[in-house]
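Enquirer: Here you go, sequence then predicted model.
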Amino acid sequence: MKKILITEFMEQDSVDSISEVFEVIYDPSLHENIESLESKIELVDAVIVRNKTQLNKSLLLKAKNLKFVGRLGVGLDNIDTDYCLDNNIFVQPATGMNADSVAEYVIACTLSLLKNIPISHSGTSTGQWPRTSIKSRELGGKTLGLLGFGVIGKKVSRLAQVFGANVIAYDPFVESSDAENLGVSLTSQEELFNLSDVITIHLPLTNETRDLMNLSSFKKMKKAPIIINSSRGSIINENDLLLAYKQKFIGGFALDVYSSEPVKEEFYNEITSTMNCILTPHTSGVTVESNIRVSQFIADKVIKFFVD
């Protein structure tokens, strides 16, 4: 019987569906115990992870029987995909299964930051009444720029258009006709920076995208745009982001991902209640509904992989 190792949280119904077919080792905290993880992975045929389990080469070398890696999410930067490709290990992300959740998060943050709700809340909840000092804006008529136009970017575009936003996107891997069919104009990255009132990031982390958003980038942007990152933390240089905000090159930001998670003390110590910003703990894609979809999608895929 095939052995399946699950090292992080997975919906119990989905775990049970795998258990009906295969032997399952389910330990949602296993990623915290490297020694135990190294021992357990040696004889399994498949491993299912989220983003905390680091499936690097040294760990994968111990997995002599491994043929399938299931990722309960989308990003693959915690998995040595080159090693997997070279060693006939199939890697299956849950592409699109949390897209609705992330898209809703992006729009929620966009509306909140355009209306300066973080500052309004902080002031009002401490006895102030900043009614005349808060500058609130509408999304309608604004330009929302998407860095990346994949599944999530497309869903964000549809929601933004409901509010009357003009949506543009930069993605060199997308045909202009595909974007135009959704009412979106493809632009260069430079044009997107120049035109966008809101910039939201939907890119993978690669050597090319690491530190893509830095002080030089922020200085090239339209005056005081909103920046939202629910993709990968290291795409933004966080020190430069804070500096750009303080120097008023950007008008607010929302981060759900960071270069180091949990957030470094030197970063969050710079955040004050008077800043138009939102920080969340990598939860934009995590809802009750998306957890169910993601878990069952991977359960179905691992069963199909070995049964077929």
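Expert: Yes, it's here. Numbering: from 1, shown residues only.

Enquirer: Provide the secondary structure category for residue 40.
Expert: helix (DSSP: H, G, I helix; E, B strand; the rest coil).

Enquirer: mind listing what it touches?
Expert: 5, 25, 27, 30 (C-beta atoms under 8 Å, 6 or more residues apart in numbering). Yep, even glycine has a C-beta here, placed from its N, CA and C like the rest.

Enquirer: Retrieve the pLDDT associated with the second one.
Expert: If I follow you right, that is residue 25. Residue 25 carries a pLDDT value of 97.

Enquirer: got it, and residue 77?
Expert: 87.

Enquirer: ok, now which ones touch it?
Expert: Applying C-beta under 8 Å, 6+ apart, the residues contacting residue 77 are 204, 205, 232.

Enquirer: Would you confirm that the second one contacts residue 235?
Expert: The reference is to residue 205. Yes. Residue 205 is within contact range of residue 235, at 6.2 Å (criterion: C-beta atoms under 8 Å).

Enquirer: Between these two, point out the one with more neighbours.
Expert: residue 235 (23 against 18; other C-beta atoms under 10 Å).

Enquirer: What score does that one have for pLDDT?
Expert: Reported pLDDT for residue 235: 97.

Enquirer: ok, it touching residue 203?
Expert: Yes. Using C-beta under 8 Å, residue 235 is in contact with residue 203, at 6.0 Å.

Enquirer: who touches both of the two?
Expert: Counting by C-beta under 8 Å, 6+ apart, the residues touching both residue 235 and residue 203 are 209, 212.

Enquirer: and the contacts of residue 40 as JSON lines, adding neighbour count and distance to residue 154?
Expert: Output for the contacts of residue 40, formatted as JSON lines (neighbours: other C-beta atoms under 10 Å; distance: C-beta to C-beta, whole Å):
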{"residue": "5", "neighbour count": "24", "distance to residue 154": "34"}
{"residue": "25", "neighbour count": "15", "distance to residue 154": "37"}
{"residue": "27", "neighbour count": "15", "distance to residue 154": "36"}
{"residue": "30", "neighbour count": "21", "distance to residue 154": "35"}
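
Enquirer: And the helices in this protein?
Expert: 12-19, 34-40, 57-60, 81-86, 99-114, 117-124, 151-162, 176-180, 189-195, 215-219, 238-246, 265-268, 288-307 (DSSP state H).

Enquirer: And for the first one, what's in contact with it?
Expert: For helix 12-19, the external contacting residues (C-beta under 8 Å, 6+ apart) are 4, 6, 24, 26, 292, 295, 296, 298, 299, 300, 302, 303.

Enquirer: just the buried members of those residues?
Expert: 4, 6, 24, 26, 295, 296, 298, 299, 302, 303 (16 or more other C-beta atoms under 10 Å).

Enquirer: Could you dump those residues into a markdown table and include distance to residue 120?
Expert: Listed next are those as a markdown table, based on distance: C-beta to C-beta, whole Å:
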| residue | distance to residue 120 |
| --- | --- |
| 4 | 49 |
| 6 | 43 |
| 24 | 48 |
| 26 | 44 |
| 295 | 37 |
| 296 | 40 |
| 298 | 40 |
| 299 | 43 |
| 302 | 47 |
| 303 | 49 |
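
Enquirer: distance between stretch 164-177 and the chain's centre?
Expert: 19 Å (C-alpha atoms, centre = their mean, to the nearest Å).

Enquirer: And that stretch, what's buried?
Expert: Buried positions in stretch 164-177, judged by neighbour count with 16+ other C-beta under 10 Å: 165, 166, 167, 168, 169, 170, 171, 174.

Enquirer: need the contact list for residue 226.
Expert: 110, 113, 114, 197, 198, 199, 250, 251, 252, 253, 254.

Enquirer: what bridges to it?
Expert: Beta-bridge partners for residue 226, by DSSP bridges, are residue 198, residue 252.

Enquirer: Domain ranges for the protein, per the record?
Expert: 3-94+288-307, 99-279 (automatic domain parsing).

Enquirer: Measure how far the first one is from the centre of its chain, please.
Expert: For domain 3-94+288-307, the distance between its averaged C-alpha position and the chain's averaged C-alpha position is 19 Å (C-alpha atoms, centre = their mean).

Enquirer: Make 626 the starting number, not 1.
Expert: I'll keep to 626 as the first residue from here, and by that count the last item is domain 628-719+913-932.

Enquirer: end-to-end on it?
Expert: When the termini of domain 628-719+913-932 are compared using C-alpha to C-alpha, to the nearest Å, they are 13 Å apart.

Enquirer: now do the last one
Expert: Across its full length, domain 724-904 reaches 19 Å between end residues, using C-alpha to C-alpha.

Enquirer: Could you check how far that domain is from the centre of its chain?
Expert: Using C-alpha atoms, centre = their mean, the offset of domain 724-904 from its chain centre is 13 Å.
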